[in-house]
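K.L.:
Predicted coordinates and the sequence they were generated for:
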Amino acid sequence: MTEFLQQTFNGLSIGSVYVLVGVGLTLVFGISKIMNYAQGQFLILGTFVGYAMVQAGAPWWLALVVAPAAVGVLGAAFYLSMFRRIASDYLATFILTVGLGIVIQQAVVEIWGPEQRQIDSPLTGSIEVGGLFLADARLLILGVCVPLVTGLFLLLARTDLGRRMRATAENREVASLMGIDASRTTSIAFWIGSALAGFAGVLLGILFPFTAYSGNAFLIKGLAVALAGGIGNVTGAVVVGLTLGLVETYGSAYAIGPEWQDGYAFVLLIAILAWRPTGLFRGTVEI
Amino acid sequence: MRSRLEELPRRRLYEGLLAIFVLIALFVVPTWPPHTIGDANNHLLSLASLAAVWAIVAVGTAMFVQLTGLPTLAHAGLWGVGAYASGVTITELDIGFWPSLLFAALVPALVALPVALISLRTTGVAFLVVTIAFTEFIVLVLGNMEITQGTAGLPVSEPPGSIGPFNFDELSGQYYLFLAFLFATLALYRVVTNSAFGARLRAIRDDERLARSLGINVVLHQLLLFELTAVIVGLAGALLLVQQGAVTPDLFTAFQFIPIYLGIMLGGLTVIAGPAVGAWIAQFLPVWIGSENPNISLMIYGLVLVAAMLVLPKGVLGTIKEWVARDPKQAGPQPAAADLASRELAPPAPDRPKTDLSNADVLLDASGLKRFFGANRALAGVDLTVQEGEIRGLIGPNGSGKTTLLNCISGFLPLTDGAISYRGLEIDGRRPDWIARVGLVRTFQEPEVFASFTVRETCELVARPARSRPGANDRLPDRPDEMLAACGLSEEADAHVTELPYGQLRLLGVLAAIACRPFVLLLDEPAAGLTSVDAARLRDLILAARDRGVTVVVVDHDMSFLLPICDRVTVLDGGEKLAEGDPGEVARDPAVVAAYLGESFAERTAEKVAGGVED
């Protein structure tokens, strides 16, 4: 039982990172109808910016603020300069954003090299609660993810900006007619969605070693989370993201070997879409 | 001063360019003096032969994407399945290259079956992502199986040998083998595109709902194309194994498929030869970029992907083809603008006697139909009995359940409860395309058409399968020209449907339904927004269909259009039947007047107009 609870804790902490990646994708797609296949490289860029800052002596919490903000700016800039010109063409978006992902990945390799890195964790110990060892780094991840996602829910539900986002997601034209600057709203959504990938990147960098090439593995998990949750549905992404973290952790612990670990995301997505072709929850930006 | 070049039609230039490309590929590439880059001899030929294999994969994939509109990455994994099916049967069963092709075709086809059945339930970006998941899963399985020798890869050293005078052990012989496969694939693509099967696929791509309503089985068509293209990329996998001598699972990930898609988009998805040409460009691009630093080369490659999508979204051949199409020397006569004034106004409807229904059989019998949307009871138990040969009007206020009733009868909405029988068949729970094929066809409120078709092609698309269908209504015309003449669309036969004015678009919608040769037509507000001229044409079309054995159920708000042609009228209100009977009597029924027609209508009698457009 203790073992099971330990796995559950581990699963939820890694799952909450998947939630960040998936929510970023689903929010951006819901509002702009653009799927950002460079999200994995956005994540890795966040990791490396955070890594560089910590190496340079900056406190880790500063890295946790600056790196996501910087990645967010990049995302919004890409939207304004390129993505919006080819929105609605799924194939062109795919190739364009994958191309950008390659450019970002190679830029990271040029600047920081292809070697494996890890961000020095500010917390290395663990807390023992009723026989469970809760690693401080994992607690830190949960401590960042939970307020972040809660904040996003509040933003979407309670604020004027959130209402503008939901209106734009529902019907861009009508929202524009109602006086909403759809382009500005979408670029803010891109900023938020990309920054979430940056957060995920810094947090993962504390937990695991990473290289410049680790991006696509997380992209695919984020895609699975976004689609299986019902594309555009933030609640769905949260539910599926946590589920994926748990399934992966339980799977490695109790079922088949770790070489199949990356397969859970695909199987989960395929199984859910085979059952409900539009995902678990209903689409467009809903909360 | 005009040069001779300018006098050539642009089409000739385009065809000349393609011919030069083919000649270079056929004769110049294999005879080019070998030169050494690094350790590789025959560098050009080895690049070109890989480009030829890529081109086959690109054409196979593009065939699916162009004809369905669904962006697939499953073909990346299926390509790998083909390569491994060939490699494993060669190494384990020792059967040699040529027999292994059978497995390179069959195994991908088998794997494609569940992949297609699940993926085809989704569309758009979901289709793209779920096919990524399938491909990544396939790669994971290939990398974890013993028979494939895992992630280390599968080396196969056995060359294809020779057939007659053709020796495929040398790279130059293999190159011609790849080219032969490529040209066969291109020819197949062309045949499929121009076939009736291809036309039905394009119809599904243009408007899936309309295609269903006209009797086309959507999943079956898309599944067949998926299987066909899976076989093509599977065979290309076996060829890749010949070219490379070994394959590893990570050659076939979704992201390794990017160069193939770059080729498709660079060449031009909409042109049959586009993906083949583009695959060559995509293959040689890294060589041309040729930076000393491989990191920088890859970065430039990424920039090319970005630039290609922003600058040349239609690809090289797609852009050239558009330029050819704009050639002033090639332009045919413009289709005459619809000149309504010059056309005769149809004569007013004669006071025709009502159809004698006393001895007519019941053709359509719906009983106790219920359809709930959550708490909203759109249909709260409606009975509808329609006799053979009658024209039945279906009226009622907005939200009274008229369209829901048509949707339920035609199979587009499942019933919450109730039963529908048509000519003795239980049709509730059947798919819409099946219902259309047994002779019960509906139209939609919105004027829907297949955007890439001409008027005649639209009729031919539907009429072709209906000509040989057993049990079709053979009193209806089966040739597009006859049909078009029947409703005054002959002059527009070769016009693109997107060029038609609104009224003719609506007429075409009804005509397409009649081209199915049905026994029952369900028309949903066919007269909405029509001018009096077009409304008269529509009325004549409906009456002509009735005279040839078609029973009609028509929903409309325009009483001056509807009441004169109906034998009987059914009034719905709030999901229930309010009244039914002779049009004149129903129009005077106090309950109907109160619920729908209004006092003023009753005062002005049945000839004046009441109504509007249901939203």
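P.N.:
It's in. Residues are numbered from 1 along each chain as shown, chains lettered A, B, ... in the order given.
K.L.:
what residues are up against residue A:122?
P.N.:
With contacts defined as CB atoms under 8 Å, 6 or more residues apart in numbering or on different chains, residue A:122 is in contact with A:59-61, A:140, A:206. From N, CA and C alone the C-beta is placed, and that goes for glycine too.
K.L.:
Secondary structure class of it, three-state.
P.N.:
coil (DSSP: H, G, I helix; E, B strand; the rest coil).
K.L.:
mind putting the contacts of residue A:122 in CSV, distance to chain B, secondary structure and neighbour count included?
P.N.:
Converted to CSV, those look like this (distance: CB to the nearest CB, whole Å; DSSP: H, G, I helix; E, B strand; the rest coil; neighbours: other CB atoms under 10 Å in any protein chain shown):
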residue, distance to chain B, secondary structure, neighbour count
A:59, 32, coil, 11
A:60, 29, helix, 18
A:61, 32, helix, 10
A:140, 30, helix, 19
A:206, 26, helix, 26
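K.L.:
Need these in a markdown table (columns: pLDDT).
P.N.:
Output for the contacts of residue A:122, formatted as a markdown table (pLDDT from 0 to 100):
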| residue | pLDDT |
| --- | --- |
| A:59 | 89 |
| A:60 | 86 |
| A:61 | 89 |
| A:140 | 89 |
| A:206 | 89 |
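K.L.:
On the C-terminal side of the lowest-mean-pLDDT helix or strand in chain B, identify the next helix or strand.
P.N.:
Within chain B, no helix or strand scores below helix B:4-7, which has a mean of 59 by mean pLDDT, DSSP states H and E. Next helix or strand after helix B:4-7 toward the C-terminus (DSSP states H and E): helix B:10-23.
K.L.:
now that following helix: mean pLDDT?
P.N.:
Regarding helix B:10-23, the rounded mean pLDDT is 82.
K.L.:
Checking my notes, residue A:119 in a helix, right?
P.N.:
No: assessed with three-state DSSP, residue A:119 is coil; it does not lie in a helix.
K.L.:
give the contact list for the residue lying closest to it once chain neighbours are set aside.
P.N.:
Spatial nearest neighbour of residue A:119, chain neighbours left out: residue A:205 (3.9 Å); criterion: CB to CB, 6 or more residues apart in numbering or on different chains. Contacts were defined as CB under 8 Å, 6+ apart; by that measure residue A:205 touches A:47, A:50-51, A:117-119.
K.L.:
How about the biggest helix by length in chain A and chain B, any contact?
P.N.:
When chain A is parsed with DSSP state H, its longest helix is helix A:2-32. Yes: using CB under 8 Å from any CB of the partner chain, helix A:2-32 comes into contact with chain B via residue A:29.
K.L.:
just checking, what packs against that helix?
P.N.:
Secondary-structure packing of helix A:2-32 (3 or more CB pairs under 8 Å, 6 or more residues apart in numbering or on different chains; DSSP states H and E): helix A:39-55, strand A:132-135, helix A:136-158, helix A:160-170, helix A:182-207, helix A:215-228, helix A:234-254.
K.L.:
The second one: partners in the sheet, and parallel or antiparallel?
P.N.:
Strand pairing for strand A:132-135, determined by DSSP bridges: strand A:126-129 (antiparallel).
K.L.:
what's the strand it pairs with in contact with?
P.N.:
Counting by CB under 8 Å, 6+ apart, A:133-136, A:139 sit against strand A:126-129.
K.L.:
go on, stretch B:262-277?
P.N.:
With contact meaning CB under 8 Å, 6+ apart, stretch B:262-277 is reached by A:91-92, A:95, B:18, B:21, B:54-55, B:58-59, B:61-62, B:65-66, B:182, B:186, B:189-190, B:193, B:278-283, B:285, B:304-305, B:308-309, B:312-319, B:321.
K.L.:
does residue B:133 count as helix, strand or coil?
P.N.:
Per three-state DSSP, the secondary structure class of residue B:133 is helix.
K.L.:
That one reaches residue A:269, doesn't it?
P.N.:
Yes: with contact taken as CB atoms under 8 Å, residue B:133 and residue A:269 are classed as touching, separated by 4.7 Å.
K.L.:
Common neighbours of the two, please.
P.N.:
A:223-224.
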